[in-house]
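1. here's my sequence, what's the structure:
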Amino acid sequence: MGREQWKKILVGSAGNMVEWFDWFVYASFATYFAGAFFPDGNPTAQLMNTAGIFAVGFFMRPVGGWLLGRVGDRKGRKAALTLTVTLMSASAVLIAVAPTYAVAGYGGAVVLLIARLLQGLSVGGEYAASATYLTEASDPSRRGFASSFQYVSMTAGQIVGLGLQIVLQRTLSDDALHSWGWRIPFVIGALGAAIIFYLRRNMLETDVYEESADDAGAERKGTLTALWAHRREAFLVMALTMGGTVAYYTYTTYLTKYLSNSAGLSKQTATLVSFCALIVFACIQPLAGRLSDRIGRRPLLITFAVGSTFLTVPIMTMLKHAGSFWPALGLALLALVVVTGYTSINACVKAELFPTGIRALGVALPYAIANALFGGTAEYVALWFKDAGLESGFYWYVAGCAAVSLIVYLTMRETRDIDLNRVEAAVPEAGQRAAEAV
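-> Model prediction:
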């Protein structure tokens, strides 16, 4: 890839990192601020309240997917990416200054809710805008490699968040973290978003989008009418997302809480396990993405689905009895290697399904709906099973979602060699076959 392509990928990835730092910091620091906004009840009940607000953010993602996907298709990928980081910065500021229950009663929880709604809008558009931008900005023979940086940057945001949490855990007392220390990452997130806003204001538009600017039918770009014409591909995006998003959030967002609340590890040890596992996870994304450029997307997707279907229950069961750092880390790494078959290439697979004029919305809306139904609720479902005394039921839920996606992967066509400028004529048969199979 040339220098300009690397510049586009790096700028797009850097913004994505800040977006997901803010998104995941809420989840990773929830154990410290849950009591500040919901003082009544046991620790699991407090976490369920904060997890509920976390899930609400996901339910705003379809709205953000529609709104920002439309912007991305009509005004350009750059415009959408700039708007997403603006919304994320505003939400980080709100959380950083949100009053606690002692100061404003449940007014602080309302501020927290509004902030999560803004984050949901932002991330609902960020995924699609970033996936589309990274896919379009790369050489056709390296789309898998280039788009893998989406999850590199997403994971890097979480790594930075967890790294900051480790530093704060070792420099501040537990009382200080529960009192005011949890606000620090949200302040940092707001400052980082301001920097990325400047970078994105000066980023380059993709050649694929610019070449389509004068296409006939420009008035239909980014519209629901245009998306309806590609409803089979939209359904395909939802179905292939289902298993991947549940598994991803289980082994990233929920893992630290699971190790702390269920496996009995200390918060510090649980955080360190997640931190180390995610570093390895981020490093192997480009390797898997490059592999897909050579052998195709379907082999990796099928490997993920088979592994997640049959290994989730034993991995989660053994994690619960891991007892110490090294066994927990080994199991977490095994799980994340399996998930890599999905995360490394799902961005480009979805972008490759749609023509340029509807690509951002086509990825954004169905993906956001799938995440609202499955990804955003994964942590809450896990805590519900735990609170009901049926924690192992969640393991089977994750495995079942992966099994549904496996059916889709087995029946969909390969997308590696699709020409992004000619995708409209090449894909409907694939979407129809997969839709009929499911």
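
2. please make it C-alpha for all contacts and neighbour counts, starting now.
-> Noted.

3. state the helix or strand in which the nearest residue to R61 once chain neighbours are set aside lies.
-> Spatial nearest neighbour of R61, chain neighbours left out: G124 (3.9 Å); criterion: CA to CA, 6 or more residues apart in numbering. Per DSSP states H and E: G124 is located in helix 107-136.

4. what separates that helix from the chain centre, distance-wise?
-> Chain-centre distance of helix 107-136: 10 Å, with CA atoms, centre = their mean, to the nearest Å.

5. likewise stretch 385-402?
-> 21 Å.

6. ditto for stretch 400-411
-> Distance, centroid of stretch 400-411 to centroid of chain: 19 Å (CA atoms, centre = their mean).

7. report the buried residues of that stretch.
-> 400-409, 411 (16 or more other CA atoms under 10 Å).

8. and which of those is nearest to W180?
-> Nearest to W180 among those: C401, at 38.4 Å, using CA to CA.

9. ok, back up a step: so which of the buried residues of stretch 400-411 are in helices?
-> 400-409, 411 (DSSP state H).

10. now, which of these sits nearest A90?
-> Distances from A90 to these, taken by CA to CA, are shortest for C401, at 33.9 Å.

11. could you report the pLDDT at that closest one?
-> For C401, the pLDDT comes out at 97.

12. measure it to N346 for me?
-> In this structure, C401 lies at 16 Å from N346, with CA to CA, to the nearest Å as the measure.

13. hmm, back to that, pLDDT of the helix holding G124, averaged?
-> pLDDT averaged over helix 107-136 gives 87.

14. same question, stretch 342-359
-> Here the average pLDDT along stretch 342-359 is 95.

15. now stretch 193-204
-> 86.

16. let me see the contact set for N16.
-> Contacts of N16 were listed using CA atoms under 8 Å, 6 or more residues apart in numbering, and they are 126, 130, 150, 153-154, 157.

17. point out where this protein drops to low pLDDT.
-> For the chain, the stretches flagged by pLDDT under 70 are 1-2, 39-48, 51, 54-55, 213-218, 423-438.

18. ok, the residue nearest to R61 - contacts?
-> Contacts of G124 (CA under 8 Å, 6+ apart): 58, 60-65, 68, 364-365, 368.

19. mind redoing it with 6 Å?
-> Neighbour list for G124: 61, 64-65, 368 [criterion: CA atoms under 6 Å, 6 or more residues apart in numbering].

20. all strands of the chain, in order?
-> Ranges of strands within the chain: none, based on DSSP state E.

21. count the residues that sit near A328.
-> By the criterion of other CA atoms under 10 Å, A328 has 24 neighbours.
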